[in-house]
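Visitor: Predicted coordinates and the sequence they were generated for:
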Amino acid sequence: MALLPQAIRAVASSLAKRSGTVIPIMYTAYIYLSCKGGEMPFVWDEQDGSISDNGIRYVLIRPDVLMGIAHELPSPDAARSLTALQASAFRRSRASFEQYRKEGRFNDSDLLAASLPMATYLGWGVWTFARTDSQSRVIEVRNSPFAAGYGASKTPVCAPIAGVLGAMALVASGTTVHVEELECSAQGFEVCRFRVTGSGK
């Protein structure tokens with residue numbers, strides 16, 4: 001149990017005391033995360049060394065390790081690495097959101113709005129709508145791990161968030177939208193702001 005969060009251990013201990021039985025640790029992890037979010041029933045498998053959600057594997061990694069890749073590359077390649085990261089986030093998260101919708105996890109007609117709380121549970125900061133009109137939506141992200149992991153920058157760096165927002169909007173609307181990071185906390189702004197333009201809701 002050493003690798004599991006202390007809160008999960010506490011829940012396991014509490015359930016065991018109440019039921020008089022030992023609760024399997026993978027089941028306990030499922031109970032804890034589903035109670036917190038209701039959308040992401042992760043399985044923490046210590047024997048297999050994996051974290052997964054219905055066959056989709058996840059990994060815990062320091063954001064400065066991920067974003068530090070750009071700092072290890074020459075300037076032109078560093079910019080391209082962020083572009084590639086956004087494209088990869090878009091492609092892979094699109095498959096996840098399509099699967100989640102098929103499973104009925106999002107019953108809200110506005111899938112984009114229903115998806116935002118998932119970011120908090122995954123440690124991607126706090127995502128909220130700042131403004132919505134007929135043509136676009138502005139989404140604010142407080143405490144972006146990607147901006148924090150990258151450090152100071154003259155340009156926006158939260159490519160993974162832009163990619164995921166694009167995937168969310170595409171699955172919600174069925175049409176491709178344009179996502180632009182207007183302001184980034186890596187630039188010194190209080191929050192990161194993204195504009196999603198198109199018919200995505």
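Guide: Great, that's in hand. Everything numeric in this text was worked out from a predicted model, so none of it was measured. Numbering: from 1, shown residues only.
Visitor: how close does residue 137 get to residue 67?
Guide: To residue 67, residue 137 is 25 Å away according to CB to CB, to the nearest Å. The way it works is simple: take the backbone N, C-alpha and C, and place the C-beta from them, glycine included.
Visitor: any idea which helix or strand carries the spatially most central residue of the chain?
Guide: Nearest to the mean C-alpha position of the chain, by CA atoms, centre = their mean, lies residue 119 at 4.1 Å. Element membership for residue 119, per DSSP states H and E: helix 111-121.
Visitor: in the next helix or strand after that helix, what's buried?
Guide: Note on helix 111-121: by DSSP H and E, the next helix or strand toward the C-terminus is strand 126-132. For strand 126-132, burial by neighbour count (16 or more other CB atoms under 10 Å) applies to 127-128.
Visitor: how about the helices in the chain?
Guide: For the chain, the helices defined by DSSP state H cover 6-19, 25-36, 63-71, 75-102, 111-121, 145-150, 159-173.
Visitor: The third one to helix 75-102, inter-axis angle?
Guide: Interaxial angle, helix 63-71 versus helix 75-102 (axes from the mean of the first three to the mean of the last three CA atoms, to 10 degrees): 140 degrees.
Visitor: Residue 102: neighbour count?
Guide: Other residues within reach of residue 102, judged by other CB atoms under 10 Å, total 8.
Visitor: got the contact list for it?
Guide: The contact partners of residue 102, taken as CB atoms under 8 Å, 6 or more residues apart in numbering, number zero.
Visitor: Tell me which of residue 137 and residue 67 has more neighbours.
Guide: Per other CB under 10 Å, whichever of residue 137 and residue 67 has more neighbours is residue 67, with 25 against 22.
Visitor: So that one is in contact with residue 152, correct?
Guide: No - judged on CB atoms under 8 Å, residue 67 makes no contact with residue 152 at a distance of 11.9 Å.
Visitor: Under the pLDDT cut-off, which ranges of this structure? List them.
Guide: Applying pLDDT under 70 to the chain flags the ranges 1-41, 106-110, 199-201.
Visitor: how many neighbours does residue 101 have?
Guide: Neighbours around residue 101, by other CB under 10 Å: 16.
Visitor: Now do it against residue 125, distance only.
Guide: 23 Å.
Visitor: Could you do residue 56 as well?
Guide: As judged by CB to CB, residue 56 and residue 125 stand 21 Å apart.
Visitor: now residue 197
Guide: Between residue 197 and residue 125 the computed distance is 21 Å (CB to CB).
Visitor: Kindly report the same for residue 117.
Guide: Residue 117 is 12 Å from residue 125, where distance means CB to CB.
Visitor: what about those two, which has more around it?
Guide: Each of residue 117 and residue 125 has its neighbours counted (other CB under 10 Å); residue 125 has more, 22 against 16.
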